[in-house]
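# Okay, predicted coordinates and the sequence, questions at the end:
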Amino acid sequence: MPRRALLILSSIALASSCQGVRSLARAEGSSSATDSAGHTDDAAAAPAAAATALAPYNNAKQRYTLMVPSTWDVKGKAGADVLFEDPSRRSTSVGVTVNPVKVASIQQFGELGQVGNKLLEAERKKESTLGVVLLGSSQRVGTSGATLYEYEYELDSTRGRKRILNTVTIFNSRLYILNASYKCDKEGCGEEAERRVGLLREVAATFDVM
C-alpha cells in the first residue's frame with residue numbers, strides 16, 4: 001500500500017475529533033442541499049423527530065452525492081470538502097473528504113476487515129483515546145460500480161464518548177471518506193443515541209460516487 005494512501009486513511013480517525021470549525025455560506029455552484037429537521041444539544045433536549053426528511057446534496061466537481069437534512073449548516077473544516085452540522089446539536093455532524101491517490105480501488109488498500117483494523121488502530125494511537133470498539137462493518141457496491149466500505153464504532157476519549165460512522169471508497173483515483181459523528185451524553189450512548197445515530201446511518205447509506 002502506498003505510504004501516502006496509508007497516511008490519508010489514518011486521517012479518517014483524526015477527522016472525527018478535530019475542532020476549530022468556522023461558518024461558511026451555503027453550498028455554491030454545483031453543490032446543493034434542501035429540506036429537513038434538527039435536534040438539540042442539552043440533556044433536557046426535546047426528543048428527535050420520528051422521521052427526518054432528507055434532500056440531495058450533489059458535488060459535480062468532486063463527483064459524489066448524498067442526502068442530508070437541509071436545516072443543517074454547511075461549515076468549513078481543514079481538510080474537508082464539505083461538513084454538515086446540526087445547528088441545534090453542534091456535536092452532530094457529517095463530513096466528506098476527497099484526496100487523490102495512485103490506487104484504483106479500495107480493495108487495493110485491503111479487504112473490509114483489514115481497512116477496519118487500520119482505522120481503529122489510528123484511533124487507538126491518539127493520546128485522547130481511552131477505548132474504541134467496532135460495532136459493525138459492511139460493504140456495498142455503488143451505482144458507479146465502486147465498492148464502498150462502511151464502519152460504525154464507539155469511541156471513548158478524554159473529550160467524551162462518540163458514535164462514529166465512516167464510509168470509504170476509491171473512484172477515478174480519488175479516495176472518498178464520509179465521516180459521521182454523534183457525541184453521546186455524559187451517561188453514555190443510550191436509547192436516545194440510538195435514535196439519533198439512526199439518522200446518521202440513513203445519511204451514510206445514501207453516499208455514493210459518480
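Received, thanks.
# Identify each buried residue in the strand or helix carrying residue 132, please.
When elements are assigned from DSSP states H and E, residue 132 belongs to strand 129-141. Buried residues in strand 129-141, defined by neighbour count with 16 or more other C-beta atoms under 10 Å: 129, 132, 137, 139. Every C-beta, even on glycine, is put in place using the N, C-alpha and C of the backbone.
# Report the rounded mean pLDDT for it.
Mean pLDDT, strand 129-141: 96.
# So in that sheet, which strands flank it, and in what orientation?
Strand pairing for strand 129-141, using DSSP bridges, gives strand 147-157 (antiparallel).
# how about the CA coordinates for the strand holding residue 132, as PDB?
The C-alpha coordinates for strand 129-141 follow below in PDB (Å, rounded to 0.1, in the frame of the first residue of the first chain):
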ATOM      1  CA  THR A 129      -8.400   7.800  23.200                       C
ATOM      2  CA  LEU A 130      -9.500   5.700  26.200                       C
ATOM      3  CA  GLY A 131     -11.000   2.900  24.200                       C
ATOM      4  CA  VAL A 132     -12.600   2.100  20.900                       C
ATOM      5  CA  VAL A 133     -15.000  -0.700  19.900                       C
ATOM      6  CA  LEU A 134     -16.000  -1.700  16.400                       C
ATOM      7  CA  LEU A 135     -19.800  -2.200  16.400                       C
ATOM      8  CA  GLY A 136     -20.200  -3.200  12.800                       C
ATOM      9  CA  SER A 137     -18.900  -3.200   9.200                       C
ATOM     10  CA  SER A 138     -20.300  -3.900   5.800                       C
ATOM     11  CA  GLN A 139     -19.600  -3.300   2.100                       C
ATOM     12  CA  ARG A 140     -21.800  -2.400  -0.800                       C
ATOM     13  CA  VAL A 141     -21.400  -1.500  -4.500                       C
END
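# Name the residues that touch that strand?
For strand 129-141, contacts defined as C-beta atoms under 8 Å, 6 or more residues apart in numbering pick out 112-113, 116, 120, 123-124, 147-158, 163.
# Thanks again, I'm all set now.
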